[in-house]
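S.K.: got a structure for you, letters missing:
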């Protein structure tokens, strides 16, 4: 039977199905990473991005194109992680900007939405690279336009679009030699095709489960079931919900609502943006909280737990901790703003301490093993009471999410320093000058990074060939800024070989940050080997505590 339109209910099902298909296949997509490192994350980043939107979409009881477009765009934008996730969010953003104007989607609307999606995503990337998810998306849009006038049957049109998308994906190794040598297609492009195929299955009416796990709002709280003495619980109902605002909530209304919640309970967490407010409160009158919230908009994801019955000790403990932190942050926010603040992405206690010692105000835990989202960065910005805030992503896969956050902040001057590695971030902080202007400091910090070469040592999770170096599963790899520098079977020997490749006659200092599982004795022994192999270099050793990578190395 010919189907000529996709209505809002069908689009809701298709989006959720596409998200769940990606979630089911994320590990397979992770394994398509060019470098066979144990922290391939494209599938994970894309899944976390789309599931952020899917949770918003799944909470809509009466879908329309307009409210679906808003949920998809807002959810994916704030939940975007990694380059692939940010690009996926931009594709959704462009697509939804087009479809929200219509009651349903036909072939013509579909083609226009695909073109707008690609235009939006390309504009979001400073230097678009062909052979990536962008190329696959462009191929899909081109095919959608080509199908105009050929058929009005969406089942046929979408099938042809998917076939062409698969073909473009298969050609990505011809566009990027590094893909061809590694024997993989682009992982981001593969993720996009997985989403489309899941959505198409829903369109065809294939039986599937549309329920979403963990649909509740991410308020930053953790729960478990360790018992608590019932007598210790002052307010018995843990109440959570989302307000879908009729209008943006001004600051005075937000404060009035928070004051009301404080009058009926405690452990309050309230996070607001222009479209939604996430609420958590412990109270004996959850109905009163709902009634007051309804004056601002409709409610969704309402959840009430009787804590006296369920004995959620850690839920209480963590909620009180969050509330205490929020009170502390509110107190700080009442202080005069300082001129400069700093946020750094870091992973490992030792590295965290180094950044704190360099006057970084807030550490976002993450890195290559878990890219923070745009919303994570926005939340960090809220907690730094400064007029000008420098963000150090310290990973090339986090820079786009940071840039996206930069475009969303209005009340502070957010400045992204495009540090691609931890050593670059450290060097950038050293390059900061208190008395300089924000623009002068941005230039100085970026200039400081130019003198740093970074190397990372880890192990291979599969056989492959990179930069003409044959790699076997379990080999030790030394990866530099531009590619594979050394491959071996011994951690120390491979690290020394990598450092020799990184060094030249201008090199003076090598800094070694050793990871978790590496002892200080191991690091000292490595230092001696480096001094023997490259005697002109001064060697400095620091505990980093980072996972996955035995050593992070900088040469200056």
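M.R.: Yes, it's here. Predicted, not measured: the structure shown is a model, and the values here were computed from it.
S.K.: what separates residue 28 from residue 547, distance-wise?
M.R.: Computed with C-beta to C-beta, to the nearest Å, the distance linking residue 28 and residue 547 is 22 Å. To be clear about C-beta, it is placed using only N, CA and C from the backbone, and glycine gets the same treatment.
S.K.: scratch that, residue 420
M.R.: Plainly put, residue 420 is 19 Å away from residue 547 if you go by C-beta to C-beta.
S.K.: returning to what we had before: more crowded one of residue 28 and residue 547?
M.R.: Set side by side, residue 28 and residue 547 show unequal neighbour counts under other C-beta atoms under 10 Å, the larger going to residue 547 at 17 against 13.
S.K.: I'd say the more buried one and residue 515 touch.
M.R.: Yes: in this structure residue 547 lies within contact range of residue 515 using C-beta atoms under 8 Å: 6.6 Å.
S.K.: anything in contact with each of those two?
M.R.: By the contact definition C-beta atoms under 8 Å, 6 or more residues apart in numbering, residue 547 and residue 515 are jointly contacted by residue 348.
S.K.: got the contact list for residue 68?
M.R.: With contact set as C-beta under 8 Å, 6+ apart, residue 68 has these partners: 8, 11-12, 15, 57, 60, 96.
S.K.: Which helix or strand contains it?
M.R.: Using DSSP states H and E, the element containing residue 68 is helix 65-79.
S.K.: Buried ones in that helix, by neighbour count?
M.R.: Neighbour-count burial for helix 65-79 flags 65, 67-79 (criterion: 16 or more other C-beta atoms under 10 Å).
S.K.: I'd like the next helix or strand past that helix.
M.R.: Following the chain from helix 65-79 toward its C-terminal end, the next helix or strand by DSSP H and E is helix 82-99.
S.K.: right, and the helix or strand after the helix or strand containing residue 500?
M.R.: Assigned by DSSP H and E, residue 500 falls within helix 491-502. Towards the C-terminus, the helix or strand next in line after helix 491-502, according to DSSP H and E, is strand 509-514.
S.K.: Summarise which helices and strands the next helix or strand after that next one is packed against.
M.R.: Heading C-terminal from strand 509-514, the first helix or strand you meet, by DSSP H and E, is helix 520-533. Contacts of helix 520-533 with other secondary structure elements, assessed using 3 or more C-beta pairs under 8 Å, 6 or more residues apart in numbering; DSSP states H and E, are made with helix 491-502, strand 509-514, strand 538-543.
S.K.: Packing partners of the second one?
M.R.: What it means is strand 509-514. For strand 509-514, the packing partners by 3+ C-beta pairs under 8 Å, 6+ apart are helix 422-430, helix 520-533, strand 538-543, strand 551-555.
S.K.: now do 6 Å
M.R.: With contacts taken as 3 or more C-beta pairs under 6 Å, 6 or more residues apart in numbering; DSSP states H and E, strand 509-514 sits against strand 538-543, strand 551-555.
S.K.: all helices in the stretch 1-150 of the chain, in order from the N-terminus.
M.R.: Secondary structure of the stretch 1-150 of the chain (DSSP state H, counting those that start in this stretch): helices located at 8-24, 26-30, 42-58, 65-79, 82-99, 107-124, 133-146.
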